[in-house]
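> I would like the atomic coordinates for the input below:
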Amino acid sequence: PISQRFGQIMRNELIDLLTPKGTPKSPKYRLFVHLTEKRISDQALRSDITATRKMVRYKVGYYMTEGTEQVLKGDSIAYVSYDILANPYSTTMAQKKGDEDAAKIIANDIALRLGAYFHSVITNRGNPNDF
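So this is what the prediction gives:
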């Protein structure tokens, strides 16, 4: 499990991407993911110095183990932005949409990196049925 709503979305996306046939009974690999940074900054300002747009940077750390040995480690970063609108509800919904988009971007990035790792392992070891 990954904390907060952002983590839940990312976890569900990773499950869909990495285990489309369901959770294996005895997995050989285990993936650990954690949000290491969420930085919000003003991106556009009005003449009275109030923000009209926010940019959010998400940084997620992850590592994968095979048994007790760590076999892969990395970070993934996503940038999203949203407008600050006159209606607070609309701004909140835009912010939530940005969070969802960032979680999906990071989950896709991690899945691609895992795919590259397993491709290199198969190329070096040989038998793709070992995974």
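
> ok, and for stretch 31-50, which residues are buried?
31, 33, 35 (16 or more other C-beta atoms under 10 Å). In short, each C-beta sits where N, CA and C put it, glycine included.

> quick one: contacts of that stretch?
2-4, 6-7, 10-11, 14, 18, 51-65, 75, 81, 110, 114 (C-beta atoms under 8 Å, 6 or more residues apart in numbering).

> still on that earlier bit, so which of the buried residues of stretch 31-50 sit within strands?
Secondary structure from DSSP state E places 31, 33, 35 of those in strands.

> gap between the second one and Arg57?
Meaning Val33. 17 Å (C-beta to C-beta, to the nearest Å).

> could you list the low-pLDDT ranges of this protein?
126-131 (pLDDT under 70).

> how about the helices in it?
4-18, 88-125 (DSSP state H).

> ok, the nearest residue to Asn108 once chain neighbours are set aside - contacts?
Computed as C-beta to C-beta, 6 or more residues apart in numbering, the closest residue to Asn108 that is not its neighbour in sequence is Leu17, at 7.0 Å. Neighbouring residues of Leu17 by C-beta under 8 Å, 6+ apart: 107-108, 111.

> return the member of the buried residues of stretch 31-50 nearest to Thr23.
Using C-beta to C-beta, Leu31 comes nearest to Thr23 of the buried residues of stretch 31-50, at 12.2 Å.

> returning to that earlier point: now do the residue nearest to Asn108 against Gln95, distance only.
Leu17 is 24 Å from Gln95, by C-beta to C-beta.

> measure how buried the closest residue in space to Arg30 that isn't next to it in sequence is and give me the count.
For Arg30, ignoring the flanking residues on the chain, the nearest one in space by C-beta to C-beta, 6+ apart is Thr65 at 5.0 Å. Neighbourhood size, Thr65 [other C-beta atoms under 10 Å]: 15.

> quick check: Thr65 vs Leu72, distance?
9 Å.

> with Ala107 instead?
Relative to Leu72, Ala107 is positioned 16 Å away (criterion: C-beta to C-beta).

> so between those two, which is more surrounded?
Neighbour count, other C-beta under 10 Å: between Ala107 and Leu72, Ala107 has more, with 24 against 18.

> run through the residues that contact that one.
Ala107 neighbours (C-beta under 8 Å, 6+ apart): 10, 13-14, 17.

> please consider this matter closed, and thank you.
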